[in-house]
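1. Provide a 3D model corresponding to the input given below.
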Amino acid sequence: MEVIQTGIKDLVEIHPKIFGDDRGWFLETFNQDKYHLALPPRTLFVQDNLSYSNKGVLRGLHFQEPPFAQAKLVFVIQGRVLDIAVDLRRSSETYGKVFSVILDAKSKNQLFVPRGFAHGFSCLEDETIFSYKCDNLYSKEHERTLQWNDAELGIDWMLETPILSEKDRTGESFESFNTPFD
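-> Next up is the predicted model:
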């Protein structure tokens, strides 16, 4: 597997090794022994999630506050997304920095999003299936959302008119946000 440093501490893009022949292909989407070399120490995944969305759907920017903060290993099983991570760690040199990458079923690349980041994605194709491997359980009481269209963050989601949930329409601004992450 190839690990690509993003320029933001602990946020890495991963390209698994693909074994292909005339029958098709095979890859490991996760292997603890191999991934522990690329991920922060003691990352132990406890929950897997899948989402299905059509072109134009935007999900995010989501995160959970401590003690239910989550790191995520995300990838696309079918389709294509623009994946976004925003560093919310107060002591980070890249606090408030936005990272974006195209994740798609064709390239099979993954993004590891550490704890202390807001995360979101926009679907660029119909029938997109998106996978999240999480290192902490979901807690509705600890979930928060930042404005997807926050002017200070200036994210280009590559969508004309995004399809949003009520939660995503009413996220808080980055300017008024007080980070719970050191």
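
2. outside of the lowest-mean-pLDDT helix or strand in the chain, which residues touch it?
-> Least confident helix or strand of the chain, by mean pLDDT, DSSP states H and E, is helix 32-35 with a mean of 90. With CB atoms under 8 Å, 6 or more residues apart in numbering as the test, helix 32-35 has contacts from 1, 14, 28, 43, 73. Bear in mind the C-beta positions are built from the backbone N, C-alpha and C, glycine included.

3. Now find how far off-centre the helix or strand that that helix is followed by is within its chain.
-> Following helix 32-35 in sequence order, the next helix or strand is strand 47-53 (DSSP states H and E). Offset of strand 47-53 from its chain centre (CA atoms, centre = their mean, to the nearest Å): 12 Å.

4. Check which residues of strand 47-53 are buried.
-> The neighbour-count check on strand 47-53 (16 or more other CB atoms under 10 Å) flags Ser53 as buried.

5. For the strand or helix carrying Val74, name the packing helices and strands.
-> Take DSSP H and E as the rule and Val74 turns out to sit in strand 72-78. Counting contacts by 3 or more CB pairs under 8 Å, 6 or more residues apart in numbering; DSSP states H and E, strand 72-78 packs against strand 98-104, strand 110-113, strand 117-123, strand 128-134.

6. So which of these is nearest Ile155?
-> strand 98-104 (5.7 Å; CB to CB).

7. buried stuff in the closest one?
-> Buried-residue list, strand 98-104, by 16+ other CB under 10 Å: 98-101, 103-104.

8. Out of the residues you listed, which comes closest to Phe117?
-> The shortest approach to Phe117 among the buried residues of strand 98-104 belongs to Phe99, at 8.6 Å (CB to CB).

9. Show me the beta-bridge partners of that closest one.
-> In this entry, Phe99 is beta-bridged to Ala85, by DSSP bridges.

10. Excluding chain neighbours, what is closest to Leu146?
-> Nearest non-adjacent residue to Leu146, counting by CB to CB, 6 or more residues apart in numbering: Leu61, 4.2 Å away.

11. Can you lay out the buried residues of strand 98-104 as TSV showing distance to Gln78 and pLDDT?
-> Listed next are the buried residues of strand 98-104 as TSV, based on distance: CB to CB, whole Å; pLDDT from 0 to 100:
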residue	distance to Gln78	pLDDT
Val98	26	98
Phe99	23	98
Ser100	20	98
Val101	18	98
Leu103	11	98
Asp104	9	98
